[in-house]
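Quick one, structure for this:
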Amino acid sequence: MHAGPWIAQHGQFMEGWGRRPDPVDLPAVAAEQASRTGWAKVVIDWRPDDDVMPVEVLREAVMRVHAVGGRLAVHSQQAAGGVVAVEAGVDSVEHGMGLDLELLPRMAEQGTALTPTLSVITASLAEIIADPERARRSWYVPGASAHARLAAAAVEAGVTVLAGTDTRPHGGIAQEIRALIAAGVSPHTAIGAASWTARSYLGLPGLVDGAPADAVVFDLDPRIDLGQLDKPRAVIVRGKRVHRRPNP
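Numbering: from 1, shown residues only. Now for the predicted structure:
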């Protein structure tokens, strides 16, 4: 067994990346991070033969992060990690590949969101299965193959599903919206996962009086014409136009 890479955001706590601190330090480090930024993120599993972060450690991290008014997200891409994340009551599961569908009702009940990063996982899967020998040996294929079904099932179960890409360069959110729709999520819900639902989850106001003027403007309803996502008329952030499509 290999020790898993446990990381608090911005690399303040790393295991498996050149040093090996005591995992009991993680709750305090995560809380310190969250006290400054509102969030901390930890990696609780990596490959199938890695140790998963103990649920007691993660539960303590959740408690201490919440005590300073923050929230805790976890990276998980193995079934065992998903069990630990949900049992510990984390605020958000990033990726969630291999997550047991039976955990979805509990996630919905306790408010644990899922950011499936479906587009990047789907793209990685396609690359792997293009090489049959690599696909035969890859631990990645089973979880990635079921990931679209997981995302759609999470929405059906009432889990807050958020659109995140995990891609470089950033800015490919339209691809994630399309991936969610291809998985069976309605266009309204998929676009909401990248906009109004995400804002609500983060505690940001929507289109109401007194709210920051944050908006993406389209010529037509993108729920009807997905092609609109690639050509917004304008992007407005805090009342200032930061993008305007050139006139044809």
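
So Pro232, which state does it fall into?
Judged by DSSP: H, G, I helix; E, B strand; the rest coil, the three-state class of Pro232 is coil.

what's the nearest residue to it if we skip its chain neighbours?
For Pro232, ignoring the flanking residues on the chain, the nearest one in space by CB to CB, 6 or more residues apart in numbering is Val216 at 5.0 Å. (C-beta placed from N, C-alpha, C; glycine too.)

any idea of the mean pLDDT in the one helix or strand the one you found maps to?
Under the criterion of DSSP states H and E, Val216 resides in strand 215-217. Averaged across strand 215-217, the pLDDT comes to 93.

now do stretch 88-98
pLDDT averaged over stretch 88-98 gives 98.

How far does it sit from its chain's centre?
Put simply, stretch 88-98 sits 8 Å off its chain's centre (CA atoms, centre = their mean, to the nearest Å).

Could you export that stretch as PDB, CA atoms only?
Only the C-alpha atoms of stretch 88-98 are listed here, as PDB (Å, rounded to 0.1, in the frame of the first residue of the first chain):
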ATOM      1  CA  ALA A  88     -17.300  12.700   7.200                       C
ATOM      2  CA  GLY A  89     -19.900  15.200   6.000                       C
ATOM      3  CA  VAL A  90     -17.700  17.300   3.600                       C
ATOM      4  CA  ASP A  91     -19.200  20.200   1.800                       C
ATOM      5  CA  SER A  92     -18.200  19.200  -1.700                       C
ATOM      6  CA  VAL A  93     -16.800  16.200  -3.500                       C
ATOM      7  CA  GLU A  94     -14.600  17.100  -6.500                       C
ATOM      8  CA  HIS A  95     -14.700  14.500  -9.300                       C
ATOM      9  CA  GLY A  96     -16.300  11.700  -7.200                       C
ATOM     10  CA  MET A  97     -15.400   9.000  -9.700                       C
ATOM     11  CA  GLY A  98     -16.500   5.600  -8.400                       C
END
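
hmm, who's touching that stretch?
For stretch 88-98, contacts defined as CB atoms under 8 Å, 6 or more residues apart in numbering pick out 41, 55, 58-59, 61-62, 71-79, 81-82, 85-86, 99, 107, 110-117, 121, 142-144, 146-147, 150, 154, 162, 164, 166.

Would you mind listing which of those are buried?
41, 58-59, 61-62, 71-79, 81-82, 85-86, 99, 107, 112-117, 121, 143-144, 147, 150, 154, 162, 164, 166 (16 or more other CB atoms under 10 Å).

how about the strands in this protein?
Taking DSSP state E as the criterion, the chain contains strands spanning 39-43, 71-76, 92-95, 113-115, 215-217, 234-237, 240-244.
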